[in-house]
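Participant: have a look at this fold, sequence not included:
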């Protein structure tokens, strides 16, 4: 990937695909409340998928669990990252701990935890254990990784309401970073053609310091339908079968 892309191809080059079935067997089994499959495309070419699931974690300190599986097939190289994010059930889905699993020629397992003071703002420190060691400060009102798109689904369809936050990209744990002073605003209704069918959707825009805009489209029932990232990368709601087929496309 290049520029402001998801930083996965460069971070995980040479990693072989691990099937979703194997990962599912190894993951914990809390109750799934929602899940969705998206076809991932780069510059108009389908080459992977994103699977998003929301679960009840069963943990008192972090009652919400998001599970994301991002798989990409680019120029014959396949990559799959499995992420579990344990969050508080608040407006920011404040992260408590994250698990990252990569298998293949560069296999690793990493656990990241957020340490916060007992009182005061929710600022804290991100620390990892496992195959990579990282320590970094994070500000209050922090959203981590793809949990952002779960927040967008719940935002009001109101141009006067703006969601402000700080965004931590921990996907590439070799080089995690914080995007401060980010905002998501409602743009309005927009008609899109997806899969040969026309849809009237609600459009949101994320923008902030040193990041190109990310756009999200949501249905009336709050289902996320499309994400446009950096103007070139796209996630479109689909079926499991079509999403898995996109990974096999050359």
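Facilitator: Good, I have the coordinates. None of the values given here were measured: they were computed from a predicted structure.

Participant: the helix or strand where residue 86 lies: how far from the chain's middle?
Facilitator: Counting by DSSP states H and E, the element that carries residue 86 is strand 77-87. Distance, stretch centre to chain centre, for strand 77-87: 9 Å (Cα atoms, centre = their mean, to the nearest Å).

Participant: what strands flank that strand, and is each parallel or antiparallel?
Facilitator: Strand 77-87 has the following sheet partners, assigned by DSSP bridges: strand 64-74 (antiparallel), strand 95-102 (antiparallel).

Participant: give me the buried positions along that strand.
Facilitator: By 16 or more other Cβ atoms under 10 Å, the buried positions in strand 77-87 come out as 78, 79, 80, 81, 82, 83, 84, 85, 86, 87. For the C-beta atoms, the positions are set from N, CA and C on the backbone; glycine is no exception.

Participant: same check, this time on stretch 202-222
Facilitator: 202, 203, 204, 206, 208, 214, 215, 216, 217, 218.

Participant: got the contact list for the second one?
Facilitator: Read that as residue 203. Contacts here follow Cβ atoms under 8 Å, 6 or more residues apart in numbering; on that basis residue 203 touches 186, 187, 188, 189, 190, 215, 216, 217.

Participant: swap the cut-off to 6 Å and go again
Facilitator: Residues near residue 203 by Cβ atoms under 6 Å, 6 or more residues apart in numbering: 187, 190, 217.

Participant: in strands, which of these appear?
Facilitator: Cross-referencing the contacts of residue 203 against strands under DSSP state E gives 187, 190, 217.

Participant: what is the nearest of those to residue 237?
Facilitator: Of all the ones in strands among the contacts of residue 203, residue 217 has the smallest distance to residue 237: 9.2 Å, by Cβ to Cβ.

Participant: and the helix or strand that contains residue 38, which residues are buried?
Facilitator: Residue 38 belongs to strand 32-42 when assigned by DSSP H and E. Of the residues in strand 32-42, 36, 37, 38, 39, 40, 41, 42 count as buried by neighbour count, 16+ other Cβ under 10 Å.

Participant: redo the residues you listed as CSV? Include distance to residue 145 and pLDDT.
Facilitator: Formatted as CSV, the buried residues of strand 32-42 follow (distance: Cβ to Cβ, whole Å; pLDDT from 0 to 100):
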residue, distance to residue 145, pLDDT
36, 16, 96
37, 18, 97
38, 15, 97
39, 20, 97
40, 15, 96
41, 20, 95
42, 19, 92
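
Participant: so which of those is the closest to residue 241?
Facilitator: Using Cβ to Cβ, residue 37 comes nearest to residue 241 of the buried residues of strand 32-42, at 8.6 Å.
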